[in-house]
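K.L.:
following is a predicted model, sequence given first.
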Amino acid sequence: MTVGNGGGGGILIAANTFIGNSATSGGGIFTSSGGNTNTISGNIFEQNSGGAIYGTASVLNIIDDLIVNGTSGSGISVTPTTLLTLVNNTISGNSTTGNGGGLSVSVGGTVEILNVYNNIIWGNSASGNGADVYLAGTGSKKTFL
């Protein structure tokens, strides 16, 4: 599923199941939305190829999702431009030929804020760096708890 919203409000994707989907980036969801807030919450992503979630929104909230057994891409791959909130997710059994089998975060500038709390990110694999988590870039604040 590709979602984007160049105008008005943000996007909410909640309580869905994404199984066996395939795409180059974001086999489950590819989301970008200019300056809006995108929220992905309470979903199940299983056996997706190309990763479960690929996000580039300014404000991206990924909360209470199950992301398992994906191939050919990180479970979650994000390039936040302002704020990423990643809370209460389980990310396991995903694999990629790149970096960050479970979670790959690329911070492009110096203003981004990353809030990553109470996630289970375990048992993922990557042929590049960071089997479970890969973090690149600077940003103004990175909080992982």
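P.N.:
The structure has been received and is ready for your questions.

K.L.:
so how many other residues sit close to the closest residue to residue 120 other than its chain neighbours?
P.N.:
Spatial nearest neighbour of residue 120, excluding adjacent residues (Cβ to Cβ, 6 or more residues apart in numbering): residue 90 at 4.6 Å. Quick note: C-beta positions are derived from backbone N, CA and C, even for glycine. By other Cβ atoms under 10 Å, 17 other residues sit near residue 90.

K.L.:
list the contacts for the most centrally placed residue in the chain?
P.N.:
By Cα atoms, centre = their mean, the chain has its centre lying nearest to residue 76, at 2.9 Å. By Cβ atoms under 8 Å, 6 or more residues apart in numbering, the contact set of residue 76 is 51, 52, 53, 55, 62, 67, 86, 89, 91, 102, 103, 104.

K.L.:
and for residue 26?
P.N.:
By Cβ under 8 Å, 6+ apart, the neighbours of residue 26 are 2, 50, 51, 52, 53, 54, 55, 73, 77.

K.L.:
cutoff 10 Å now
P.N.:
Listed by Cβ atoms under 10 Å, 6 or more residues apart in numbering, the contact set of residue 26 reads 1-3, 18, 32, 48, 50-56, 73-74, 76-77.

K.L.:
which residues of the protein score low on pLDDT?
P.N.:
Applying pLDDT under 70 to the chain flags residues 1-9, 33-34.

K.L.:
all helices for it, in order.
P.N.:
Per DSSP state H, the chain carries no helices over any range.

K.L.:
in stretch 126-138, which residues are buried?
P.N.:
126, 130, 131, 132, 133, 134, 135 (16 or more other Cβ atoms under 10 Å).

K.L.:
all set now, cheers.
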